[in-house]
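Asker: missing the sequence, but the structure's below:
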């Protein structure tokens, strides 16, 4: 097929062949996806030497108290988490009334609300 397309200097047949192969592969993948259960990662507490480590929101509060000028990106880096995971934790803590943003959007900071 490739040789024939090269001789004709027209790759239309080859492109059609590739598109058909891609379509077939996608259809097979869709059929297989119905059969394959999706596994979702669930955050479970980590235990080291009998001590349960705090979850992300608690770690976020601790680091925000300890380093009040840190951005959420700094916290994400320190915890080796994605920025979006830390932003979700911050949003939940804000809803719970445990964290608030103080100051202008670009120059403000996160502040832990004491209980």
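Answerer: On my side now, so go ahead. What you see is a predicted model; the values in this text were computed from it and never measured.

Asker: Report the helix or strand with the lowest average pLDDT across this protein.
Answerer: Every helix and strand of the chain was ranked by mean pLDDT, DSSP states H and E. The lowest is strand 47-48, at a mean of 50.

Asker: Show me where this structure has its helices.
Answerer: Counting by DSSP state H, one finds helices in the chain at the ranges 2-8, 12-35, 56-66, 72-79, 83-95.

Asker: Dump those to JSON lines, plus distance to residue 106, mean pLDDT and mean neighbour count.
Answerer: Heads up, the C-betas are built off the backbone N, CA and C, glycines and all. What follows is the helices of the chain, written out as JSON lines (distance: least, C-beta to C-beta, whole Å; pLDDT from 0 to 100; neighbours: other C-beta atoms under 10 Å):
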{"stretch": "helix 2-8", "distance to residue 106": "55", "mean pLDDT": "64", "mean neighbour count": "10"}
{"stretch": "helix 12-35", "distance to residue 106": "43", "mean pLDDT": "78", "mean neighbour count": "10"}
{"stretch": "helix 56-66", "distance to residue 106": "18", "mean pLDDT": "89", "mean neighbour count": "17"}
{"stretch": "helix 72-79", "distance to residue 106": "13", "mean pLDDT": "90", "mean neighbour count": "17"}
{"stretch": "helix 83-95", "distance to residue 106": "16", "mean pLDDT": "92", "mean neighbour count": "16"}
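
Asker: Throw those helices into a markdown table and include distance to residue 101, thanks.
Answerer: Shown next, in a markdown table, are the helices of the chain (distance: least, C-beta to C-beta, whole Å):
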| stretch | distance to residue 101 |
| --- | --- |
| helix 2-8 | 59 |
| helix 12-35 | 40 |
| helix 56-66 | 11 |
| helix 72-79 | 10 |
| helix 83-95 | 7 |
